[in-house]
Structure formats: C-alpha cells, structure tokens
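**Q** Fold the following.
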Amino acid sequence: MKFIALLPMKGNSERVPNKNLKLFNNKPLYYYTLNTLLNSKYIDKVAINTDSKDIEKDVKNNFDNRVIILKRPEKICGDFVSMNTIINHDVDYFIDNTFFLQTHSTNPLLKTTTLDRGIEKFFEVYQVGAHDSVFSVTRFQTRFYEVDGRPINHDPNVLIRTQDLPILYEENSNFYIFTRESFKNNDNKRIGKTPFLFEIDKVEAIDIDELEDFTIAEAIHKTLFL
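**A** Numbering: from 1, shown residues only. Next up is the predicted model:
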C-alpha cells in the first residue's frame, strides 16, 4: 500500500516572510520535510499544492518527477482558506489513490523513521478496523488554565506532582494519515471519525509558526543533525 504525501505550501507567510524558501541551515526550509517524505519506504509520490511560482520553479529545478506540482486554484487561495479545503482538492486530483499522508514544510526536525512508524501504526489499526486515521500529537503533563484563570486539568487545592496529572495531548501538525474514505466520510476532514493519536518527541515535533520558532529549530537542527 503506497501513499501519496501532500505537502501544501503557499507563497505568502505573514509571521515569517517567505518562510518556505527562507534558508534554514543553508537550504530552503521546505527541503527538509520534502526529503523526509521522499526517504520514506511507504511514500510513492509527493504532491506540492502551491500558489507560488518561485516555489514551483525551485521544486522543478531541484527534485525529480516523484514530486508533483499542483497549481492552487484561485478560489482556494488566501490566508483564510481551510487546510481541509486544500486537501480536498488534492484528494480529488488523485482519484485512483486510497492512502494519503499530509504534513507541512514547517516541521524540519521530523525524522523519516518516525514518519514510517506512524504509517506502520496506521496499517496496524486500520486493517483490524480499530481506527480510520492517525495524527501526530505531543504529550503534556503540566498544569493548564483557561484564559480566565480556571484550572483545566487539576485542582489548585490539591497540589499533586505534575507527573501524576492527567495527560493532555496537543495536535502538533507534524502529520495526518488517512484514507480517501475516512476523509470523505467525516465531511472532508483529515482527522477521521475514529483517529489514533500517535505520540512523538517534543523536540522532533517543533512546528515553525513564529520567527523565534525558526531560530530555535535551526539551532537544534545544527546541534543534532549537522
């Protein structure tokens, strides 16, 4: 069972200008996630849905035909278009494909081995009908509060150790694994009706939203990978 990996990238980025092409340890940021995908033994092709001619040109100049450019239609361009809407466009493009994995170029520390373990977990739970999709999460055991100061997962009057608190999981956007069927059956959502939460390391899960995230991720990458 081979996957189509979906790697959407828009040209405009408000918080980190030109983020996808910004140099990250001497290479454009998106190279790291794209190479992680291409190195997976389960991924057949990678589809890059983009509205940027610069990204399109760079991809065509530096990667082979396993990477497919999907030019983003005007009607689904803009900062307020749901990612599920873009995924729906791509799923419909690959009409003969069943299995999909979607990730972002903003996860440069994600390892191929972790990606492959996620896919293998998907096969395990999907084949027995236990879960219809998998998405990556980060585990937290700490004291959380609502914006008004109300405690979420603890009683301030009973100060138990943080390691004994209920576990909460953050959707970290590193990857989503799903089928055409699970996507369509849940109103075109990448997380299906019965998802499995796949925990990954906090450092590996770093997602670049702000400029400070870029700086932190670049420093960690330089320490661990270079």
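**Q** pretty sure Val81 is in a helix, no?
**A** No: read with DSSP: H, G, I helix; E, B strand; the rest coil, Val81 is coil and lies in no helix.
**Q** Return the distance of it relative to Tyr31.
**A** As judged by Cβ to Cβ, to the nearest Å, Val81 and Tyr31 stand 25 Å apart. In short, each C-beta sits where N, CA and C put it, glycine included.
**Q** bridging residues for Thr50?
**A** Residues in a beta bridge with Thr50, per DSSP bridges, are Met9, Lys71.
**Q** the more surrounded of Val81 and Tyr31?
**A** Taking other Cβ atoms under 10 Å, Val81 and Tyr31 do not tie; Tyr31 has more neighbours (21 against 14).
**Q** helix or strand for the more buried one, which one?
**A** Assigned by DSSP states H and E, Tyr31 falls within helix 30-38.
**Q** That helix: which residues count as buried?
**A** Tyr30, Tyr31, Tyr32, Thr33, Leu34, Thr36, Leu37, Leu38 (16 or more other Cβ atoms under 10 Å).
**Q** what about the residue lying farthest from the centre of the chain, which SS state?
**A** Within the chain, the residue lying farthest from the chain centre (Cα atoms, centre = their mean) is Asn157, at 38.2 Å. Asn157 falls in the coil class when you classify it by three-state DSSP.
**Q** Check it and give its pLDDT.
**A** For Asn157, the pLDDT comes out at 93.
**Q** try the one 3 residues further on
**A** In the predicted model, Ile160 carries a pLDDT score of 93.
**Q** mind checking the SS state of it?
**A** Ile160 - assigned by three-state DSSP - is coil.
**Q** Next, find the distance separating it from Thr142.
**A** 12 Å.
**Q** Over to Leu23?
**A** 34 Å.
**Q** what's the residue farthest from the centre of the chain in contact with, if anything?
**A** Counting by Cβ atoms under 8 Å, 6 or more residues apart in numbering, Asn157 touches no other residue.
**Q** okay if I get the buried residues of helix 30-38 as JSON lines plus pLDDT and distance to Lys111?
**A** Converted to JSON lines, these look like this (pLDDT from 0 to 100; distance: Cβ to Cβ, whole Å):
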{"residue": "Tyr30", "pLDDT": "98", "distance to Lys111": "16"}
{"residue": "Tyr31", "pLDDT": "98", "distance to Lys111": "15"}
{"residue": "Tyr32", "pLDDT": "98", "distance to Lys111": "10"}
{"residue": "Thr33", "pLDDT": "98", "distance to Lys111": "11"}
{"residue": "Leu34", "pLDDT": "98", "distance to Lys111": "14"}
{"residue": "Thr36", "pLDDT": "98", "distance to Lys111": "7"}
{"residue": "Leu37", "pLDDT": "98", "distance to Lys111": "11"}
{"residue": "Leu38", "pLDDT": "98", "distance to Lys111": "13"}
